[in-house]
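In: next comes the sequence, and after it the predicted model I'd like to discuss.
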Amino acid sequence: MSACEFESVEKCLESHLPEAELTEVQRILFGKETKKLDLPASAVEAASERDFELKGYRFDAVQEQLRPPRRIRVGLIQHRIVLPTDAPILDQITAMHNRIGELVEVAAMCGVNIICFQETWTMPFAFCTREKDPWTEFAESAEEGNTTRFCQELAKKYNMVVVSPILEREELHSTLWNTAVVISNSGNVLGKSRKNHIPRIGDFNESTYYMEGDTGHTVFQTQFGKIAVNICYGRHHPLNWFMYSINGAEIIFNPSATVGALSEPMWSIEARNAAIANHCFTCAINRVGTEHFKSEFTSAHHDFGHFYGSSYVAAPDGSRTPGLSRTRDGLLVVEMDLNLNRQISDKWSFKMTGRYAEYAEELTKAVRHDFKPKIVKE
Ligand SMILES: NC(=O)NCCC(=O)O
């Protein structure tokens, strides 16, 4: 990774703006201020020793008369690969498990209830190469694989729901998928959500490796709230977020792998807009660093460019946390009162005022080959 990568917009604003102007700029850019969360000193110390960024924020809701608050904590983890991409596969996976183990332990110290890792977190993002060998060897069973077993142990030990996005191998049908495994805090596999939109852009040659998901827009009822997983490229599709919301998602995670030159101006907008439009919380997670590959890709590169991290959480009222850095491993701990979803829904009523039957009728016509756009001409 380049030593001079820009660290973050937030840091830059803090360093260069006078205090009064900074407050105003932050209000306009990020919405209602998210309060800093007091995290235990032991956690702060452990994060510093283990060389990762630790940040904590809180979204409050109004105290209601009839419902108690529903405060929970989510943890988002972003990280670089630990070993070079040509190290033995098992060593790479084991090193990544160890690294995540260190971060999850700190998340537990911070009282995190639901944790989500980045897209295909056990491996380099090797889909740029178009080589099958050795990358498909990273694929594992969602139910029985070593990574799921590892996450089950974490879930039980820390009483935490774990969302673990991996490259899935389904032996029965000889199929690979890009899948988020959802593990309950009991340690049981609650289910899985497969990436349902595959990118066809730049070096994101993912259709070479796995199929478009077949799990629809599943929502998982956990002890801490109803969650869903919209993997990476799915965040560009407003209807994808919407369908998870229609099925009742209160928090939608978006584990991603994306690079600066391609998507960075869109990053801070898409998940945030989804939180606003769907009266829910959204959690955008991106990996960090530059990953080098031995063989040149068809685009004549040996790396993808810089994965810019910047993981953040957005709330239904349009506010958002600052992001983690663009360059470092990090854990973002966010406390949220899920009552905010209904409070904002009652205030703005986007979901109530949507004309779904009308859209459905028009869409049904629009997807037909004999569709004629409804345009009035003079
Ligand atoms: N992993 C992935 O789907 N990346 C595609 C690029 C993007 O959506 O920014």
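Out: Happy to help now that I have it.
In: Ser268 against Ser311, yeah?
Out: No - contact criterion Cβ atoms under 8 Å: Ser268 and Ser311 do not qualify, at 11.1 Å. All C-beta spots, glycine's among them, are computed from the backbone N, C-alpha and C.
In: so what sits against both of those two?
Out: Gly323 (Cβ atoms under 8 Å, 6 or more residues apart in numbering).
In: looking at those two, which is more packed in?
Out: Ser311 (29 against 18; other Cβ atoms under 10 Å).
In: need the pLDDT of the more buried one.
Out: pLDDT for Ser311: 98.
In: and Ser268, what helix or strand is that in?
Out: helix 260-278 (DSSP states H and E).
In: what is that helix packed up against?
Out: Counting contacts by 3 or more Cβ pairs under 8 Å, 6 or more residues apart in numbering; DSSP states H and E, helix 260-278 is packed against helix 238-246, strand 251-256, strand 281-286, strand 307-308, strand 312-314, helix 350-353.
In: which other residues reach that helix?
Out: 201-202, 230, 235-236, 238, 241-242, 244-245, 249, 252, 254, 258, 280-284, 286, 305-306, 308, 310, 312, 314-318, 320, 323, 326, 350-351.
In: let's go with 7 Å and repeat that
Out: For helix 260-278, the surrounding residues in contact (Cβ atoms under 7 Å, 6 or more residues apart in numbering) are 202, 235-236, 238, 241-242, 245, 252, 254, 281-282, 284, 305-306, 308, 310, 314-316, 318, 320, 350-351.
In: just the angle for that helix relative to strand 251-256, thanks.
Out: Using axes from the mean of the first three to the mean of the last three Cα atoms, to 10 degrees, the inter-axis angle of helix 260-278 relative to strand 251-256 is 170 degrees.
In: and helix 260-278, how far from the chain's centre?
Out: 11 Å (Cα atoms, centre = their mean, to the nearest Å).
In: swap in stretch 133-144?
Out: 21 Å.
In: for it, which outside residues touch it?
Out: 89, 93, 122-123, 126, 129, 146-148, 166-169, 171, 176, 179, 181, 189, 192, 209.
In: where does the stretch 151-300 of the chain come near the ligand, residue by residue?
Out: 199, 204, 232-233, 256-258, 262-263 (Cβ under 6 Å from any ligand atom).
In: what are the ranges of the helices in the chain?
Out: Secondary structure of the chain (DSSP state H): helices located at 9-16, 19-30, 41-49, 89-109, 146-158, 238-246, 260-278, 339-348, 350-353, 356-366.
In: JSON lines for these, including mean pLDDT and distance to Val62?
Out: Below are these laid out as JSON lines (pLDDT from 0 to 100; distance: least, Cβ to Cβ, whole Å):
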{"stretch": "helix 9-16", "mean pLDDT": "93", "distance to Val62": "27"}
{"stretch": "helix 19-30", "mean pLDDT": "93", "distance to Val62": "19"}
{"stretch": "helix 41-49", "mean pLDDT": "98", "distance to Val62": "29"}
{"stretch": "helix 89-109", "mean pLDDT": "98", "distance to Val62": "28"}
{"stretch": "helix 146-158", "mean pLDDT": "98", "distance to Val62": "31"}
{"stretch": "helix 238-246", "mean pLDDT": "98", "distance to Val62": "22"}
{"stretch": "helix 260-278", "mean pLDDT": "96", "distance to Val62": "18"}
{"stretch": "helix 339-348", "mean pLDDT": "98", "distance to Val62": "6"}
{"stretch": "helix 350-353", "mean pLDDT": "97", "distance to Val62": "19"}
{"stretch": "helix 356-366", "mean pLDDT": "97", "distance to Val62": "28"}
